[in-house]
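K.L.:
Test case, fold it:
(one chain, ligands or ions: 1)
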Amino acid sequence: MLSERIQIIRSEFDSDISKVSDLKDLENVRIKYLSRNGEISTLFEDLKTATKEEKPLVGKSLNELRNYATTQFNLLKENLETASSSTDEKIDITLPGITKILGSKHLLTQTLDEIKSIFKGLGFSILEGPELESDYNNFEALNFPSDHPARDMQDTFFINKEFLLRTHTSPVQIRVMSSHKPPVRAIMPGRVYRNEAVSSRSYCMFHQVEGLYVDSGVTFAELKGTLVSFAQQFYGEGLNYRFRPSFFPFTEPSAEMDITCYLCHGKGCKVCKQTGWLEILGCGMVDPNVFGFVDYDSEKYTGYAFGMGIERTAMLKYGISDIRVFFENDIRFLKQF
Ligand code: DAH
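P.N.:
Residues are numbered from 1 along each chain as shown. From the prediction side, this is the model:
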């Protein structure tokens, strides 16, 4: 009897669907019962053979079976789908978070920032000049005689006869004095270029900080006092220092300032070439000839100037032995500072 078969198929369906554990099982159930050749469709086919009296009742329960099976199927399908998509998105709250690695200032920037803040505290302002400079500002007005070896093609990147990449920050002194009347007190940091072979000790590009103080009655004693105060703040209180006579075309007298070698504490080692001293900067009293080029009255004004390499300064302070590390951007070096 058809109505009995409907009962049987319904309980088979219930049993089958209760065993479904994934979408693949469910699809098999759909094919078995709800597809065109499935059990329920077959029952509809068979309904045609039912008697006139049977048909309405059997037809009704057959429709109920189909609706029931379709609803069960759809419900389970929805459940399985949301379950599977939520497994994909499962969040493990015990996993460590994703840390964003922050960059830091390059050691040269840190060093320059420190130099700037010390000189600001000593009453200096901060000025800058261009890297592309005239031969006049870079050499001529700084009292370099025309046959000076620093003018040689070997040391200088010439653009043409008149212009070059500045070989030091000293030309900014000329720019500052040509545009400001005394008193002037400024430091002038920036990048400089030299046509030199790259090695652990020299690079074709590096940085310097220039210093200049011009007023009436500026003395060499003030120069020493200022630079000693800088060195103590930058390298540490307990340091020993000395000023050694030297020569620069634009200062007279000229000196170089040394501090005790950080490595051997003055005993003598490879870094200080057994002298116990390390040179940290060049300095001197502005040569009256330079004042002549910028229209300063050398009878009325005196001044001092100094210059130091920023790479060299950082190398001395942190015990770095190769200048190239500043420009290679090796993160293993950079992140140590
Ligand atoms: N310009 C010099 C250099 O490139 C450094 C220097 C020495 C600057 C003495 C000065 C100074 O202002 O007085 O090596």
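K.L.:
ok, now how distant is R151 from N195?
P.N.:
12 Å (Cβ to Cβ, to the nearest Å). Using the backbone N, CA and C atoms, a C-beta is placed for each residue, glycine as well.
K.L.:
need the residues of the stretch 201-337 of the chain near the ligand, please.
P.N.:
E210, F248, T251, G282, C283, G284, A305, F306, G307 (Cβ under 6 Å from any ligand atom).
K.L.:
Point me to the residue of the stretch 151-300 of the chain nearest the ligand.
P.N.:
G282 (2.8 Å; Cβ to the nearest ligand atom).
K.L.:
what helix or strand is that residue on?
P.N.:
strand 277-286 (DSSP states H and E).
K.L.:
do H265 as well
P.N.:
Assigned by DSSP H and E, H265 falls outside every helix and strand.
K.L.:
Ramachandran angles for it?
P.N.:
phi 50, psi 40 (degrees, to the nearest 10).
K.L.:
ok, now which ones touch it?
P.N.:
Under the criterion of Cβ atoms under 8 Å, 6 or more residues apart in numbering, H265 has no neighbours.
K.L.:
Return the per-residue confidence for it.
P.N.:
pLDDT, H265: 86.
K.L.:
Next: K60.
P.N.:
At K60, pLDDT is 88.
K.L.:
what kind of secondary structure is it in?
P.N.:
Recorded secondary structure, K60: helix (DSSP: H, G, I helix; E, B strand; the rest coil).
K.L.:
where do the helices sit along the protein?
P.N.:
2-18, 23-29, 39-47, 54-88, 107-121, 135-138, 171-179, 220-235, 288-293, 310-318, 331-334 (DSSP state H).
K.L.:
Just put those in CSV and tack on mean neighbour count.
P.N.:
CSV is the format used below for those (neighbours: other Cβ atoms under 10 Å):
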stretch, mean neighbour count
helix 2-18, 14
helix 23-29, 15
helix 39-47, 15
helix 54-88, 13
helix 107-121, 16
helix 135-138, 20
helix 171-179, 21
helix 220-235, 17
helix 288-293, 17
helix 310-318, 20
helix 331-334, 12
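K.L.:
For L281, see how far away T226 is.
P.N.:
11 Å.
K.L.:
could the helices of the chain go into TSV alongside distance to Q274?
P.N.:
What follows is the helices of the chain, written out as TSV (distance: least, Cβ to Cβ, whole Å):
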stretch	distance to Q274
helix 2-18	92
helix 23-29	82
helix 39-47	102
helix 54-88	70
helix 107-121	27
helix 135-138	35
helix 171-179	35
helix 220-235	21
helix 288-293	36
helix 310-318	17
helix 331-334	28
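K.L.:
what about the nearest residue to G276 once chain neighbours are set aside, neighbour count?
P.N.:
Closest residue in space to G276, ignoring its immediate chain neighbours: G266 at 3.9 Å, by Cβ to Cβ, 6 or more residues apart in numbering. For G266, the tally of surrounding residues (other Cβ atoms under 10 Å) stands at 15.
K.L.:
so what's G266 up against?
P.N.:
N240, T260, G276, W277.
K.L.:
ok, so what distance separates the first one from L80?
P.N.:
N240 sits 81 Å away from L80, taking Cβ to Cβ as the criterion.
K.L.:
One more: the last one?
P.N.:
With distances defined as Cβ to Cβ, the gap from W277 to L80 amounts to 81 Å.
K.L.:
can you tell me if stretch 162-172 touches the ligand.
P.N.:
Yes. Counting by Cβ under 6 Å from any ligand atom, contacts between stretch 162-172 and the ligand involve H168, S170.
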